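Q: Give me coordinates for this.
(one chain, ligands or ions: 1)
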Amino acid sequence: MKMIKLLSSSLHLFLLLSVFIFNGVYTICSSRNMLQAKKVTCPLNFQFMNYTIILSRCKGPSYPRHECCAAFKKFACPYKQYVNDVSTDCLALMLSNIRLYGRYPVGMFGNTCLQGRQHVECP
Ligand SMILES: *[C@@H]1O[C@H](CO)[C@@H](O)[C@H](O)[C@H]1NC(C)=O
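A: Purely as a prediction, here's the structure:
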């Protein structure tokens with residue numbers, strides 16, 4: 001009888017502790033996710049922009065790096081205030097729209113034309 005009571009109370013303690021620990025881990029994980037995922041929605045509408053300058057100057061199959069990045073910057077620099085603000089999702093939106101419009105290889109501009117992978121260097 002005494003044994004069962006001891007067992008039951010340690011089980012109780014164990015459950016309490018598990019819930020406590022699980023909650024703690026969960027809180028840490030979810031707050032980290034929020035830090036990473038929470039970006040301000042871009043106020044610019046990249047879906048309906050004029051991408052002619054890039055599409056006309058940056059063509060496959062070779063996609064010459066110099067021409068492509070120059071055209072990319074010509075397009076992007078007027079919006080540098082937004083695309084270089086990492087608290088917004090403007091850069092990601094712009095990159096994915098350029099890729100869609102021009103059917104460019106995945107990651108091409110992001111990998112070759114950005115400084116530090118998330119910064120458009122403008123004059
Ligand atoms: C798009 O931009 C190009 C020059 O970059 C211009 O010639 C063309 O007229 C523009 N198209 C529209 C629909 O504004």
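
Q: what mean pLDDT does the helix or strand hosting residue 100 have?
A: Residue 100 belongs to helix 90-102 when assigned by DSSP states H and E. Mean pLDDT, helix 90-102: 97.

Q: How about residues contacting that helix?
A: Applying Cβ atoms under 8 Å, 6 or more residues apart in numbering, the external contacts of helix 90-102 come out as 42-44, 46-47, 49, 51, 54-55, 58, 72, 75-76, 79, 82-84, 104-106, 108-110, 118, 120. Quick note: C-beta positions are derived from backbone N, CA and C, even for glycine.

Q: right, and residue 63 touches residue 104 too?
A: Yes: the pair residue 63 and residue 104 qualifies as a contact (Cβ atoms under 8 Å) at a distance of 7.2 Å.

Q: Pick out whichever of those two has more residues nearby.
A: residue 104 (20 against 16; other Cβ atoms under 10 Å).

Q: List the ones among the contacts of helix 90-102 that fall in helices.
A: Of the contacts of helix 90-102, the ones assigned to helices by DSSP state H are 54, 55, 72, 75, 76, 82, 83, 108, 109, 110.
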